[in-house]
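>>> predicted model and sequence below, questions to follow.
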Amino acid sequence: MRYSLFTLLRQGLMAHRGWTPAWRDAAPKSAYRVLLIGGGGHGLATAYYLAKVHGITDVAVLEKGAIGLGNAGRNTTIIRSNYLLPGNLPFYEFSMQLWEGLERDLNYNAMVSQRGVLNLFHSDAQRDAFVRRGNAMRLHGVDAELLDAAAVRRMLPFLEFDNARFPIQGGLLQRRGGTARHDAVVWGYARAASELGVDIVQNCEVTGFLRSGERICGVQTTRGSIGAETIGIAVAGNSSRVAAMAGLRLPIESHVLQAFVSEAVKPLIPCVVTFGAGHFYISQSDKGGLVFGGDIDGYNSYAQRGNLPTVEDVCAGGMAVMPSIGRLRLLRSWGGIMDMSMDGSPIIDRTPLEGLYLNAGWCYGGFKATPASGYCFAHLLARGESHELTRAYRLERFASGHLIDEKGQGPQPNLH
Amino acid sequence: MSVYRLAGEGAIQRDRTLSFTFDGRRHSAYAGDTLASALLAAGVHLVGRSFKYHRPRGILTAGSEEPNALVELRCGARREPNTRATMIELFEGLQACSQNAWPSRVFDVGAINSLLSRLFVAGFYYKTFMWPAAWWEKVYEPAIRRAAGLGRASAEPDPDCYEKAHAFCDVLVIGSGPAGLAAALTAARAGARVLVCEEDFLPGGRLNGERHEIDGADAASWARNAVAELRALPEVRFMTRTTVFGVYDGATYGAIERVSDHLPMPPEHQPRQRFWKIVARRTVLATGALERTVVFGGNDRPGVMLAAAVRTYVNRYRVTPGRRVGLFTTGDDGWKTAFDLLDAQVEVPVIVDARAAVGAALLEQASRHDVQVVLGGQILSTAGARALRRVEVLDRDGRVRGVPVDALAVAGGWSPNLALATHLGMRPRWDESISAHVPADLPPSLCAVGAAAGEFSLAGALRSGAAAGRDAARTAGFDAPLVSWQTDEERLESSPLWFVPGSRGKAFVDYQHDVTAEDVALAVREGYRSAEHLKRYTTLGMGTDQGKTAQLNGHALLAARTGREVAEIGTIAARPPYTPVAIGALAARERGRNFRPYRLTPSHRWAETRGAVFVDTGQWRRAQWFALPGESDWRSTVAREVRSVRTAVGVCDVSTLGKIDVQGRDAASFLERIYANAVATLPVGRVRYGLMLRIDGMVLDDGTIAHLRDGHFLLSSSTAHVAQVMRHLTYAQQVLWPELDVQLTNVTEQWAQFAIAGPLARTLLERVCAEALALSNADLPHMACASLRWLGRRARLFRISFCGELGYELAVPARCAETTVRALMQAGESLGVTPYGTEALGVMRIEKGHVAGPEINGTTTAEDLGLGRLVSRHKDFIGRVLASRPALSAPDRPALVGLRPLDPHARLTSGAHLLAAGVPLSLQNDQGFVSSSAFSPTLGRWIGLGFLSRARERLGEQIRAYDPLRNLDLPVEVVRPVFYDPDGLRVKG
Amino acid sequence: MRIHCPFCGERDLSEFSYLGDADSAEASGAAQSAQQLIEAVYLRANPAGAHRELWYHTFGCGSWLTVTRDTRTHAIFAVQLAKEYAP
Amino acid sequence: MSAEYTVSSVFAATPQSVGSGRGVVAIERGGLAIAHLAARTAQVQALRARVREHFGIELPDAARRVSARGVAAAGIAPQRWLMLAQDAGEEFVPDLVARLEPLATVVELTDAYAVLRLSGADLRASLAKLVPIDLHEAQFRPGDVAQTVLEHMPVTLWRLEDAPAGQPVFELAVAGSFAGSLYEAVRDSAAEFGFRFEPLAQR
Ligand SMILES: Cc1cc2nc3c(=O)[nH]c(=O)nc-3n(C[C@H](O)[C@H](O)[C@H](O)COP(=O)(O)OP(=O)(O)OC[C@H]3O[C@@H](n4cnc5c(N)ncnc54)[C@H](O)[C@@H]3O)c2cc1C
Ligand SMILES: NC(=O)c1ccc[n+]([C@@H]2O[C@H](COP(=O)([O-])OP(=O)(O)OC[C@H]3O[C@@H](n4cnc5c(N)ncnc54)[C@H](O)[C@@H]3O)[C@@H](O)[C@H]2O)c1
Ligand SMILES: Cc1cc2nc3c(=O)[nH]c(=O)nc-3n(C[C@H](O)[C@H](O)[C@H](O)COP(=O)(O)O)c2cc1C
Ligand SMILES: [Zn+2]
């Protein structure tokens, strides 16, 4: 059923009795042309673009629980394309452009809000590094502005300017960046894919792979075996576990990243702000809660929760840059499992095993990538070759040295 | 006295009257009141407006689970939005305002939303507002945002301070109701270190709200005595106003002590709140149980209140929520509310019990009063504009009658308050016998007792508490006798009624978020059928109360709509914090200038006297330049400093550079494996530039290696990398090559180090330490080092130069720094000696083409930095193998170059990108960037260092430096990255 | 989380810093070929369950510790000094 | 140059007090010679014997501080210690080097540390705000040593014998460059109890 103000009004008159499920809760068939493991944003987006762009509708998305409760359902919803390296920048900008048309495309309001993303800097060296990044963006036609302290102050007068340990010198602003309603992105892709014939199979955990020789030809699941010509893994924090079922070791560590939300208040923070002298970034959700986060806890983890040192570190960062939030209350904190790659950049590639493809290594930046990741992964699955925007996201780059290391931290995932 | 304030004791101090204002109107109440009890006493029942429909709302509970009565407390910079009236301890002059209502809570324009409520169903915004695209940010979203949110945050900095503290104990008891007190007493009497945390300002839990007897005395005073006994024991810390908000790994607990929230303002030297990090061997969870409401039509009207809360207001605060209070109950304990009210001379017109039959005792007791009892009855709806006036009662024969009441007590059954028992990921278990979840698979360090464990009787609370207290004490090595207390064994029957099917009008599940039974039905209809989808689609349980009183009712509705049992629905994980926590408290002292510690160089105080301007680089605070009186523009100051170094002599404190002492039989071979360049060939008394790589072949750090004595080396590292380098070295020493005999000592702080540079550097030094040391080129050539006596201490002199002039670095024990630098200044006065700062240092290193932070950025190899020739081909060392990966030696990989604008007056900026001349602007044509740039006073023009593809082939080429962010775009020439004294003769001078 | 340092005793997480998989670290030390080194440096077993990992007692004694920890529960099974000291 | 050099306080130039000045008293220690002692591989037995014979000290295996005749040894890591000597003069460390090499590496750190002696009735309550260590008198005995973190600063803490009045006495050592920050943290944590500080120069 198409969504619009009109249908909403009509349903209003009939007490909303006429609405139908947003997506079909399908039971798995015995075989599919393409199987996607993981009903998060990436898996669902991939299914949608397979059907929409490549006309491949014999597709199932297998989700071990209910869709969208992994990282897609727990991220801080920031979307941006303010990247430095040529391996990343065009890909994330393409994603940004897909976001800009997403709602009309999906006929689902994902509340994409281009409220701006402001990275604060606090030293000359940091300014120059940000300028280098901003200039790369401009070279690629992406919007980027350099603000001095005065301009930042006009924009966000409530920041700490006068009593700071590391005074704000200015900021790098991408106005087209912003946030999107994370759950709606999942539901929107699920609904649109389902409408095109994709099976969304919930409570169906993949427990192993079926092989014929060197070829992967299906999966074992908690709902029986399912055959497939092509299988894509898009399980984020669980990538290593699923890959291990196929005997693969990945350049990935799973780490916990915590996020936080405050009690809802009337509009306070107009854009996304990141603190440059500590680990803290923040935005305000449409519901009114301040959604914020910081650094990962730093140790391997599959528990979706973290510990106090990070909580303290994040709140200290918040108070250092935004001392007016002191009396606002933290309402809830949680964690998600990051698929931290060895150079901080993702992998969208074929695996050494025929028929098995991988989409992983998103670290804490994969929500913004959801549309482009789905689009390009669909391309790879449909055509068997990388989309030009993801040529750099190869598994073999670590052996060849074609690293995409935005932060320069080297093979130390917890530092990316 | 108001008609709502009852006679009798309670826990309020009648002799201390306090006055306060709500929405500007002045009222008075007593010490010991909460804002909620004070408002009830003042007859204020309409406290605020709801989130979406702006419905009038009152007070539902008497505790921190309150969903409705949220107010803005205090004003100005101290304004606290969304503060629960039920948790605000009254103080003289308290100011509070209602929220989310305009112009006033009584006449609220937003209330028209109720009329549109047919549209504003769960998730309506996902279905529209999509056209035209641009309108989302401009029109729709701002409107939604203005409507959303409850209170208004202050935009001013929080004026209060916060504190962090650490506590350790054998037994942590969370909650001081009968179960908690029993546990604490038992463990404490045995001698264990006991820490009790109680959220309330009054210990005792339900005992303050009920009329129980323990050991013949009334329970409230029993609690007071228990607390007094505990407080008197040396190993016990009893903290009220302290909420344990989170459970973390390693038996670590987070708690917030509200030190001054009950006062108009924190006293001097007192924080507003104190954040406790508690480590406990064993923890007893005695957090009680929370009563649920029932989902029926108009169940949100001001005057509708949970039955146990009514008892608390009556017995503890001596306040009644109304003069004619009806009761709607699903269990025996609800009846206690009626009896407590009746005994307090409050009229109870009707008792509606959803159960068809109840015990004779209850009926007998009720028959003594003039109360109509409706068994098997339900309440279909309520009436009243801004306060409750009437309830519609459906009896078992299907007859509906209206009963006039001004308040309604609702007893929907109890759920153990087990949030903390799930923070570590444990899922609770459904217990059919109490129709609620109870804590399950707890770790050995944690146990739940009393109502928190589903043990709802007082006797059971005392019993389970005592048993847990004894076990906990035992594991800590204290043998505790089992104490027991006398109390009536009450048996309380109940059977849940989650919702009233025939409800008329909106029946609310989640009050705060205006989630109705209809919204749940809609979510199910649209396929959002898992508990998590229901939550996320309707926002059920996502408010400030986290649905403590609503969650289970919502799941029961979900179960009914999807043909499942409540038990099958599962639970929504509770997350820290248990109740919302001020963000300032978690940051504690780390804000403003205290955000991070600062480090001062050994000559800091001297630098202050010389007019130094300081810059924070990481933790260090360093002299950036030394402005002379009359020097306004810092560039001219820096230019002067550079010129004096190049023409005479300058002194700079470089103590922040890392200094690591390496000794041991295998010291040389250790360093041989650490550094990319040869170390073994370094003779004693000599210094060498050294390059350390990461295992992936990227440069980790550069610095110097001095060979002090046989088997004794001193390394220097860049200021920013000391910790990283030290960690790298200890890793190699302890993990990679434990067999080597090598000892490492970080001596960075032991030595103050001064660079003395310039053509007259030797002359200056000869004036201060000629007799200690011969300084001629022969005696101390470039890259040599020696030790000397200095101020009666041992000091070291290195003939090294970062700025490219004849230079030395004099290392003296840190405490000699000030005397030393003053001596140097004095001795050099006639030579025109000049102190210089980091800025001049930076300019001169660029003039010399020395790489630093902006070049050694974790993505550059020795080759990239033009240091390939240093890398040894004859040995193995960390980083050798991976540095030779194909992509890292590709010819088009950007490498270090010097850059010079063609226009001698043009400014060159770091961060500019480099493109070949004449090519279109695009990422494909991006060939590198400017990493460092400066105005060179020596050359009288801007210069820079940068990285450029195929650098070697391009010397002399004119390319383009493009910096659109700064609106700069200029032609530059590619040159060798050494702008000054390319043959390095001056350092040898 | 609290780690029991064999020298300092049980200490809070905030005193330590994390390196990662101890097996990988050891393998990178022992690697005989470029290929082996690349695998040791870049590939991880990343198990859900018991994990041998290296921690550095940054703010304590400066020892490198080999910790065996469950990555699902964060429960710590064993802690040893990475280096064995000759008596 | 052989002129004398003047040593001034690294914490705060002047004596200061907050409130009653009684809850916590901080006295800046001076004249403390400090060396880092690290046993050479497989030499620890011989080193122990050597130290025993010269100083009458048994090098502790754990994070403990033992002292004899004005010289103290504090265990800070496996087979590593800090040697501290009060008013032993400039030659203490050089002597130590001469006596203990090649059984150990000895490195002077006299100037690397700033040390506060802390006492007072409310000292434990004040320290509880500063360090994540259980300082209960039965848990952290006289002679116990802890290296830990204090507001991001590495610090070393040890407990001395209680003062005659039975009040606890601790010493807190920090890298000299942090002295200012450390001082402010200590002062603020003690403010509610009353705080007094005596800098070096004053004695
Ligand atoms: C706290 C936090 C904050 C973040 N903030 C941002 C941000 O601001 N901006 C941004 O761009 N990114 C952010 N991210 C990262 C982003 O959320 C993720 O990179 C992205 O969501 C990952 O893609 P996904 O949605 O497909 O992953 P997921 O939603 O995790 O999807 C993976 C799915 O696979 C399922 N699965 C796993 N194993 C199996 C199996 N064996 N069988 C079947 N199904 C399986 C899981 O149940 C899960 O539903 C954040 C992440 C977190 C945790
Ligand atoms: N009539 C019934 O059916 C019924 C049901 C439940 C409880 N009760 C009565 O309640 C009592 C149960 O005793 P109890 O001791 O188990 O519970 P309690 O409710 O008496 O005490 C719990 C205490 O824990 C505190 N608390 C809760 N969470 C906290 C936190 N995170 N941090 C700090 N403090 C926290 C509360 O403020 C409260 O004081 C008995 O008297 C019992 O009769 C009766
Ligand atoms: C952007 C965003 C906003 C959120 N806002 C709220 C909120 O207002 N109230 C709330 O209770 N939880 C909120 N949450 C947290 C979720 O309730 C939930 O904790 C999170 O999605 C992780 O799921 P889990 O806690 O069940 O593991 C929010 C989460 C995100 C990602
Ligand atoms: Zn240790």
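Thanks, I have it. Ligands and ions are numbered 1, 2, ... in the order given.

>>> for residue D:145, see how far away the closest residue to residue D:68 other than its chain neighbours is.
When the adjacent residues along the chain are set aside, residue D:68 lies closest to residue D:56, with 4.3 Å between them (C-beta to C-beta, 6 or more residues apart in numbering or on different chains). No exception for glycine: its C-beta is placed from N, CA and C like everyone else's. Here the criterion is C-beta to C-beta, to the nearest Å. By it, residue D:56 lies 19 Å from residue D:145.

>>> more neighbours: the two, which one.
When neighbours are counted by other C-beta atoms under 10 Å in any protein chain shown, residue D:145 comes out ahead of the other of residue D:56 and residue D:145, with 22 against 12.

>>> can you verify my assumption that that one contacts residue D:66?
No. Counting by C-beta atoms under 8 Å, residue D:145 stays clear of residue D:66, with 10.0 Å between them.

>>> what strand or helix carries residue B:846?
Secondary-structure element containing residue B:846, defined by DSSP states H and E: helix B:838-848.

>>> got a list of contacts for that helix?
Helix B:838-848 is contacted by residues B:615, B:617, B:622-625, B:634, B:638, B:641-642, B:645-646, B:650, B:652, B:654, B:755, B:802-804, B:852, B:932-939, B:943-945, B:978-981 when judged by C-beta atoms under 8 Å, 6 or more residues apart in numbering or on different chains.

>>> mind checking which of those are in strands?
Secondary structure assignment (DSSP state E) places B:615, B:617, B:622-625, B:650, B:652, B:755, B:932-936, B:943-945 from these within strands.

>>> the closest residue to ligand 3 within chain D: neighbour count?
Per C-beta to the nearest ligand atom, residue D:132 is where chain D lies closest to ligand 3, at 27.3 Å. A count of neighbours around residue D:132, defined by other C-beta under 10 Å, yields 24.

>>> ok, then the element right after the helix holding residue B:846?
On the C-terminal side of helix B:838-848, the nearest following helix or strand under DSSP H and E is helix B:880-883.

>>> just the endpoints, please. Distance across stretch D:112-123?
Counting by C-alpha to C-alpha, to the nearest Å, you get 25 Å between the two ends of stretch D:112-123.

>>> quick check: mean pLDDT of it?
The predicted model gives stretch D:112-123 an average pLDDT of 97.

>>> equivalent analysis for stretch A:99-118, please.
Taken as a whole, stretch A:99-118 has a mean pLDDT of 97.

>>> likewise stretch B:356-366?
Looking at stretch B:356-366 alone, the average pLDDT works out to 96.

>>> kindly export the helix holding residue B:846 (C-alpha atoms) in PDB.
Taking only C-alpha atoms (Å, rounded to 0.1, in the frame of the first residue of the first chain), the coordinates of helix B:838-848 have been written out as PDB:
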ATOM      1  CA  THR B 838      58.100  26.300  19.100                       C
ATOM      2  CA  GLU B 839      57.000  28.500  16.300                       C
ATOM      3  CA  ALA B 840      60.500  29.600  15.300                       C
ATOM      4  CA  LEU B 841      61.700  26.000  15.800                       C
ATOM      5  CA  GLY B 842      59.000  25.000  13.300                       C
ATOM      6  CA  VAL B 843      59.900  27.600  10.800                       C
ATOM      7  CA  MET B 844      63.600  26.600  10.900                       C
ATOM      8  CA  ARG B 845      63.000  22.900  10.600                       C
ATOM      9  CA  ILE B 846      60.900  23.600   7.400                       C
ATOM     10  CA  GLU B 847      63.700  25.800   6.100                       C
ATOM     11  CA  LYS B 848      65.900  22.700   6.600                       C
END
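
>>> tally of neighbours for residue B:591?
Counted with other C-beta under 10 Å, residues neighbouring residue B:591 total 27.

>>> what helix or strand is the residue lying closest to it once chain neighbours are set aside on?
Leaving aside its sequence neighbours, residue B:591 sits nearest to residue A:319 (C-beta to C-beta, 6+ apart; 3.9 Å). Secondary-structure assignment from DSSP H and E places residue A:319 in helix A:308-321.

>>> for that helix, packing partners?
Packed against helix A:308-321, as judged by 3 or more C-beta pairs under 8 Å, 6 or more residues apart in numbering or on different chains; DSSP states H and E, are the following elements: strand A:252-262, strand A:272-275, strand A:280-284, strand A:290-300, strand B:252-257, helix B:583-587.

>>> residues contacting residue D:102?
If you count contacts by C-beta under 8 Å, 6+ apart, residue D:102 has them with D:40, D:43.

>>> and it, what element?
Take DSSP H and E as the rule and residue D:102 turns out to sit in neither a helix nor a strand.

>>> per-residue pLDDT, it?
The per-residue pLDDT reported for residue D:102 equals 96.

>>> next up, phi/psi of it, please.
Here is the backbone geometry of residue D:102 (degrees, to the nearest 10): phi -100, psi 20.

>>> average pLDDT for the helix holding residue B:846?
Regarding helix B:838-848, the rounded mean pLDDT is 98.

>>> would you confirm that residue B:534 contacts residue B:528?
Yes. The pair residue B:534 / residue B:528 is scored as a contact, 5.6 Å apart, by C-beta under 8 Å.

>>> now list the buried members of the contacts of helix B:838-848.
Buried by 16 or more other C-beta atoms under 10 Å in any protein chain shown: B:615, B:617, B:622-625, B:638, B:641-642, B:645-646, B:650, B:652, B:654, B:755, B:802-804, B:852, B:932-938, B:943-945, B:978-981, out of those.

>>> just to revisit the earlier point, would you mind confirming that the residue nearest to residue D:68 makes contact with residue D:69?
Yes. Using C-beta under 8 Å, residue D:56 makes contact with residue D:69 at a distance of 6.4 Å.

>>> and the contacts of helix B:838-848 near chain C, which?
When C-beta under 8 Å from any C-beta of the partner chain is applied, no member of these is adjacent to chain C.

>>> report the contact partners of residue C:15.
Residue C:15 sits in contact with C:57, C:58, C:59, C:60, D:132, D:148, D:149, where contact means C-beta under 8 Å, 6+ apart.

>>> can you say which helix or strand has the second one in it?
Assessed by DSSP H and E, residue C:58 sits outside every helix and strand.

>>> bridged to the nearest residue to it once chain neighbours are set aside, which residues?
Residue nearest to residue C:58 in three dimensions, not counting chain neighbours: residue C:17, with 4.7 Å by C-beta to C-beta, 6+ apart. According to DSSP bridges, the partner residues bridging residue C:17 are residue C:56.

>>> residue closest to the middle of the chain?
Went with chain A since none was named. Within chain A, the residue whose C-alpha comes closest to the C-alpha centroid is residue A:367; the distance, by C-alpha atoms, centre = their mean, is 1.4 Å.

>>> other chain: chain C
For chain C, the residue lying nearest the average C-alpha position, counting by C-alpha atoms, centre = their mean, turns out to be residue C:54 (1.5 Å).

>>> kindly report the same for chain B.
Taking C-alpha atoms, centre = their mean, the centroid of chain B lies closest to residue B:586, which sits 5.2 Å from it.

>>> how far away is the closest residue to it other than its chain neighbours from ligand 3?
Setting aside the residues directly before and after it, residue B:586 is nearest to residue A:315 in space (C-beta to C-beta, 6+ apart), at 3.8 Å. Here the criterion is C-beta to the nearest ligand atom, to the nearest Å. By it, residue A:315 lies 17 Å from ligand 3.
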